[in-house]
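Predicted structure and sequence below. I'll ask about it afterward.
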Amino acid sequence: MIVHTQQITCEQALRLQSGARLAPVTLAYETYGTLNAERSNAILICHALSGDAHVAGRHTTQDRKPGWWDEAVGPGKAFDTDRYFLICSNVIGGCSGSTGPSSINPETGRPYGLSFPVVTVADMVEAQRWLIDALGIPALLSVTGGSMGGMQAIQWPVSYPDRVHSAIVLASTARTSAQTIALNEVPRQAIYADPNWNQGDYYGKEPPNAGLAVARMIGHITYLSETSMREKFGRRLQERERYGYDFATEFEVESYLKYHGNRFTARFDANSFLYITKAIDYFDLSLGHRELAEAFAAVRAKFLVLSYSSDWLYPPEQSEELVRALLRNGIDASYVEIKSDYGHDSFLLEVDRLGELTRDFLAGLEREIARPAGAPGNPSASPGEMVEKGTPLAAWAAKARGGLRKVAVPRQETA
């Protein structure tokens, strides 16, 4: 697919969760597939920390690499562009076409830097809601994403219960843990320590690439698992046969991290890294409630929640907590834990299994939307009761309040 990034600007101020106002707001986005006449087949894909609007396809035939989730988005794929109209936008606070700290502050004529207001996941969703309004879409068939994208997918039915029919949440959480906050703070400290950061005022000067590269290296470790790192690198040396007893890059894993860290600096802004990780830290749907379940009291959407057994950044226990909170509100929530050795990156890599689950889930949702309530063939199970779909991958979890049956999907070996 050859796709083009588009931009749309709203002059009206966006009121942020902090109480600050941001105007104007520009969002970069891409679309795939065709919006049907009823405008009922739209799916919003939300990206993770370092992602952007370019989720699939190529911008030109000369592009070396496609979008970040190209294996999942396209004709006949997990998110089928022959059937659905897919939208992906770059979040506010980002640096890939949407308004963020590197954007020009209209009041000063200079980049915002640290004068850019702190944004939250709820603010990102509010900006996306405005984009969906501008596209003339009354309600989304689904919102999906992994990691921080999963947080947005959870936030959407909470913020706009009448605007989304379902959420597909991958490798995410309803509230960020102390461990994740710690793993975000150390990379931020690496950026602060770079003398080129200059309190965020480095635009037009030498950027803090050394600090940003280290930040990316730290983050990249959290996306992998011990098993995947052992299988991929082991203790193999890079371009030498024996230890040098010096501080040069010796191990393959060191070279890998340095390569990806330095490569990251060519496409990402250090201040955006600070703002987006802070938004992740602030994400806590239980805030202001006695318990997490209260946050979902008004939610009407169905949920499909996937976790991955080797993910230690957002481990399965956090997905289970989310599903329990949904079930306590009688929400139709389906949960699958996929056995995988790829760590947090599994949601990007385990695309075949994701495809089987999403196709089944979305097809069932479309049939239900098309049938009047109580019509023949409508599932008689109340929300939260288990519905067996007849495929080992499409296991639907459920039991009564607080109850949860974890369904483990075995790792599939390839020949």
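Thanks, I have it.

Which residue, neighbours along the chain excluded, lies closest to the residue nearest the centre of the chain?
Nearest to the mean C-alpha position of the chain, counting by C-alpha atoms, centre = their mean, stands Gly149 at 1.8 Å. Excluding its sequence neighbours, the residue lying closest to Gly149 (C-beta to C-beta, 6 or more residues apart in numbering) is Cys46, at 3.7 Å. All C-beta atoms are positioned from the backbone trio N, CA, C, and that covers glycine.

before we move on, back to that, quick check: which element contains the residue nearest to the centre of the chain?
helix 148-159 (DSSP states H and E).

re the thing from before, what separation is there between the residue nearest to the centre of the chain and Tyr203?
Here Gly149 is placed at a distance of 27 Å from Tyr203 (C-beta to C-beta, to the nearest Å).

could you list every residue that touches Thr176?
Shown in contact with Thr176 (C-beta atoms under 8 Å, 6 or more residues apart in numbering): 280-284.

quick one: the helix holding Gly149 to chain centroid distance?
Between the centre of helix 148-159 and the centre of its chain there are 9 Å (C-alpha atoms, centre = their mean, to the nearest Å).

What helices and strands are in contact with it?
Under the contact criterion of 3 or more C-beta pairs under 8 Å, 6 or more residues apart in numbering; DSSP states H and E, helix 148-159 touches strand 42-46, helix 121-134, strand 142-146, strand 166-170, helix 270-282.

Show the average pLDDT along it.
Taken as a whole, helix 148-159 has a mean pLDDT of 98.

what do you get for stretch 355-375?
86.

And it, what's buried?
355-362, 364-366, 368 (16 or more other C-beta atoms under 10 Å).

Okay, and Cys88 sits in which element?
Residue-wise, Cys88 maps onto strand 85-89 under DSSP H and E.

if I pick Gly234, what's in contact with it?
Gly234 sits next to Glu252 when contact means C-beta under 8 Å, 6+ apart.

From Phe251, how far out is it?
9 Å.

so what sits against both of those two?
Common neighbours of Gly234 and Phe251 (C-beta under 8 Å, 6+ apart) do not exist.

Using CSV, list the CA coordinates for stretch 209-224.
The C-alpha coordinates for stretch 209-224 follow below in CSV (Å, rounded to 0.1, in the frame of the first residue of the first chain):
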residue,chain,number,x,y,z
ASN,A,209,21.4,12.8,21.1
ALA,A,210,23.7,11.0,23.5
GLY,A,211,21.1,11.2,26.3
LEU,A,212,18.3,10.2,24.0
ALA,A,213,20.2,7.2,22.6
VAL,A,214,20.8,5.9,26.2
ALA,A,215,17.1,6.5,27.0
ARG,A,216,16.2,4.4,23.9
MET,A,217,18.7,1.7,24.9
ILE,A,218,17.1,1.4,28.4
GLY,A,219,13.6,1.3,26.9
HIS,A,220,14.6,-1.3,24.4
ILE,A,221,15.7,-3.7,27.1
THR,A,222,12.2,-3.5,28.7
TYR,A,223,10.6,-4.5,25.4
LEU,A,224,12.5,-7.8,25.2
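
List the buried residues in it.
Buried-residue list, stretch 209-224, by 16+ other C-beta under 10 Å: 209-220, 222-224.

Select from the residues you listed every entry located in helices.
Judged by DSSP state H, helices contain the following of those: 209-220, 222-223.

ok, back up a step: rebuild the buried residues of stretch 355-375 as a markdown table, extending it with secondary structure.
Below are the buried residues of stretch 355-375 laid out as a markdown table (DSSP: H, G, I helix; E, B strand; the rest coil):
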| residue | secondary structure |
| --- | --- |
| Gly355 | helix |
| Glu356 | helix |
| Leu357 | helix |
| Thr358 | helix |
| Arg359 | helix |
| Asp360 | helix |
| Phe361 | helix |
| Leu362 | helix |
| Gly364 | helix |
| Leu365 | helix |
| Glu366 | helix |
| Glu368 | helix |
